[in-house]
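Student: Got a predicted structure plus its sequence, pasted below:
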Amino acid sequence: MPIVTEYDTIAAISTPPGEGAISIVRLSGDQAVEIAESVFRGPNLLKVASHTIHYGHIIEPQTKKEIDEVMVSVMRAPKTFTREDVVEINCHGGIVPTNKILQLLLATGARMAEPGEFTKRAFLNGRIDLTQAESVMDLIRAKTDRAMQVALDQLDGNLHHLIHELRAEISQVLVQVEVNIDYPEYDEEEITAKMLREKAIMVQQRIDQLLATAQQGKILREGLATAIIGRPNVGKSSLLNYLLHEDKAIVTDVAGTTRDVLEEYVNVQGVPLKLIDTAGIHETEDKVEKIGVARSRKALSQADLIVLVLNASEPITEEDRSLIEETKAQKRLVILNKTDLPQKISPADLAALGVKESPIFASIKNQSGLSSIEQQIKVLFFGGIENSQQNVLVSNNRQIGLLQQAKASLVSVVNGLDAQVPIDLVQIDMTACWEKLGEITGENVPDELITQLFSQFCLGK
Ligand code: GDP
Ligand code: ZN
């Protein structure tokens with residue numbers, strides 16, 4: 001862990017942009033309290049007890065003009081999020097006073113924080129590890145309660161501790177190997193090999209268990225890209241409206257590079273669906289429209305879940321057939337809608353076309369079959385996971401990639417032992433595994449990666 005002794009004081013607006021009831025301007029660093037005090041009229045912040053909150057006003061030092069009525073929290077290091085002195089100024093929501101306060105702080109000696117810099121400091125000061133830093137980002141972006149819970153568990157350090165355990169297992173065996181090599185009084189070669197193999201297999205199993213959660217973790221994090229498709233008039237919009245109704249629609253401000261993009265999510269039994277607009281998928285001769293169709297088809301092929309709606313009250317058409325064919329390799333729900341009318345499509349008809357899924361019978365008009373649709377979506381993605389005791393989910397590509405590399409090193413360990421490769425070469429692979437696991441928690445990461453990781457955060461976090 002890098003030990004950093006001195007930082008300048010940073011400031012940023014920590015609440016989302018726009019009008020809210022309250023906005024928070026946050027300061028962190030050695031000068032946090034001094035800088036806040038220089039623009040504050042109220043109790044002397046330099047003298048107040050740590051972790052207390054104070055009523056007063058922010059004033060412009062030169063003109064003595066009142067900017068806003070505020071509550072100021074003073075939190076002295078080290079028991080703070082960043083492990084530095086932290087001051088939070090709770091002000092009245094509006095954009096103008098909030099920005100004005102920030103500008104005053106910047107004029108008084110604070111520096112504008114970079115995105116994620118507060119969290120980065122918490123990491124650099126040893127307050128949290130990388131998996132926990134990433135979960136702060138997940139919390140900000142969490143789209144359902146379940147996603148939030150996973151992020152909270154991770155923030156709690158569940159993944160961190162699991163990785164620590166595995167690393168301890170590995171270093172323990174490596175130490176033992178060293179001892180055996182240094183004192184080869186009697187033939188230890190065989191015992192050493194056996195020990196290394198057992199440990200490698202054990203750790204690999206644990207890594208496999210973690211990797212098995214990756215798919216779910218990623219979906220909770222990023223949302224399940226879902227396309228509702230079908231020919232015109234089968235009931236797609238009706239289904240969409242049902243899914244969107246009540247308070248299920250979630251509009252999320254995606255942090256980072258795509259900051260300004262508003263994406264629409266629907267929470268279906270804890271699964272965040274990210275709806276893909278596939279309105280444009282149909283045969284057309286129009287050139288401009290063709291571009292739209294091509295784009296929609298690409299989106300369709302990249303969807304994590306296809307919801308194919310068929311009109312059960314009409315026989316299957318050529319267009320139905322080609323949609324069935326086109327999506328056969330994807331995770332798919334097939335819905336026979338309009339079952340309130342006389343039926344012209346049977347499950348056998350679908351089976352004859354190579355549809356392996358059992359169709360869900362629905363009448364969106366009569367609100368029947370809808371809970372089955374929701375239930376199926378949930379089962380498709382949480383089957384087995386939700387009931388398991390394991391609260392550790394790996395959820396991002398960085399963690400998944402490192403786990404895979406760690407696993408590859410273990411495979412080399414076992415293969416090497418099988419091929420009677422000298423123990424000191426096998427040791428190298430075992431050590432590589434230990435290092436890769438260390439990168440997950442951040443005990444072993446290059447500086448530029450840290451900068452890149454934290455730059456994905458929102459401003460003010
Ligand atoms: P889309 O073109 O696929 O989006 O289809 P819509 O959702 O706009 O529905 C087309 C028509 O079918 C509308 O008049 C709906 O009211 C009707 N519809 C939708 N679902 C059902 C259903 O389950 N039963 C019946 N009888 N009509 C339905
Ligand atoms: Zn630990």
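Tutor: Perfect, thanks for sending it. Numbering: from 1, shown residues only. Ligands and ions are numbered 1, 2, ... in the order given.

Student: List the contacts of the closest residue to R167 other than its chain neighbours.
Tutor: Leaving aside its chain neighbours, R167 sits nearest to L437 (5.1 Å; criterion: Cβ to Cβ, 6 or more residues apart in numbering). C-beta here means a position set from N, CA and C on the backbone, and glycine is covered the same way. Residues in contact with L437 (Cβ atoms under 8 Å, 6 or more residues apart in numbering) are I163, L166, R167, I170, L402, A406.

Student: Among the residues you listed, name the ones in helices.
Tutor: I163, L166, R167, I170, L402, A406 (DSSP state H).

Student: quick one: which of those residues is nearest ligand 1?
Tutor: L402 (43.6 Å; Cβ to the nearest ligand atom).

Student: Does the closest one touch W434 like I think?
Tutor: No. Contact criterion Cβ atoms under 8 Å: L402 and W434 do not qualify, at 11.9 Å.

Student: picking that back up, gap between the residue nearest to R167 and V48?
Tutor: Distance from L437 to V48, counting by Cβ to Cβ, to the nearest Å: 44 Å.

Student: V271 too?
Tutor: Counting by Cβ to Cβ - V271 and V48 are separated by 47 Å.

Student: who has more neighbours, the two?
Tutor: V271 (26 against 18; other Cβ atoms under 10 Å).

Student: ranges for the strands of the protein?
Tutor: For the chain, strands defined by DSSP state E occupy the ranges 10-13, 23-28, 40-41, 52-59, 66-75, 86-91, 111-112, 224-229, 249-253, 262-268, 271-276, 305-311, 332-337, 360-361.

Student: Quick one: closest of those to ligand 1.
Tutor: Judging these by Cβ to the nearest ligand atom, what sits closest to ligand 1 is strand 332-337, at 4.9 Å.

Student: who touches the residue in the stretch 351-461 of the chain that ligand 1 sits nearest to in this structure?
Tutor: Proximity of the stretch 351-461 of the chain to ligand 1 (Cβ to the nearest ligand atom) peaks at K365, 3.3 Å away. The neighbourhood of K365, defined by Cβ under 8 Å, 6+ apart, consists of G235, S238, K338, D340.

Student: so which of those residues comes closest to R332?
Tutor: Nearest to R332 out of the contacts of K365 is G235 (Cβ to Cβ; 16.6 Å).

Student: give the contact list for the closest residue to that closest one other than its chain neighbours.
Tutor: Leaving out its chain neighbours, the residue that sits closest to G235 by Cβ to Cβ, 6+ apart is N337, at 4.3 Å. N337 makes contacts with V234, G235, S238, L239, V309, L310, N311, A312, A362, S363, I364, as judged by Cβ under 8 Å, 6+ apart.

Student: hmm, try it at 7 Å
Tutor: For N337, the contact set (Cβ atoms under 7 Å, 6 or more residues apart in numbering) comprises V234, G235, V309, L310, N311, A312, A362, S363, I364.

Student: now L130
Tutor: F123, I440, T441, G442, V445 are the contacts of L130 under Cβ under 7 Å, 6+ apart.

Student: how near is it to ligand 1?
Tutor: L130 is 45 Å from ligand 1, where distance means Cβ to the nearest ligand atom, to the nearest Å.

Student: Check I35 too.
Tutor: For I35, the distance to ligand 1 - Cβ to the nearest ligand atom - is 57 Å.

Student: picking up where we left off before, which single one of the contacts of L437 is nearest to Q31?
Tutor: I163 (35.8 Å).

Student: Thought G438 was touching the closest one, still the case?
Tutor: No. Taking contacts as Cβ atoms under 7 Å, I163 lies outside contact range of G438: 8.0 Å.

Student: Which one's more surrounded, the two?
Tutor: I163 (28 against 17).

Student: tell me which residues in stretch 311-324 are buried?
Tutor: N311, A312, S313, E314, I316, D320, L323, I324 (16 or more other Cβ atoms under 10 Å).

Student: now stretch 92-111
Tutor: Here stretch 92-111 shows G93, P97, T98, K100, I101, L102, L104, L105, T108, A110 as buried, counting by 16+ other Cβ under 10 Å.

Student: And stretch 52-72, by the same measure?
Tutor: Buried, per 16+ other Cβ under 10 Å, within stretch 52-72: H54, I58, I59, I67, D68, V70, V72.

Student: Can you pick out the most distant pair from those residues?
Tutor: Checking the buried residues of stretch 52-72 with Cβ to Cβ, the most distant pair is H54 and I67, at 16.1 Å.

Student: Kindly provide the distance from L139 to ligand 1.
Tutor: Taking Cβ to the nearest ligand atom, one finds L139 at 36 Å from ligand 1.
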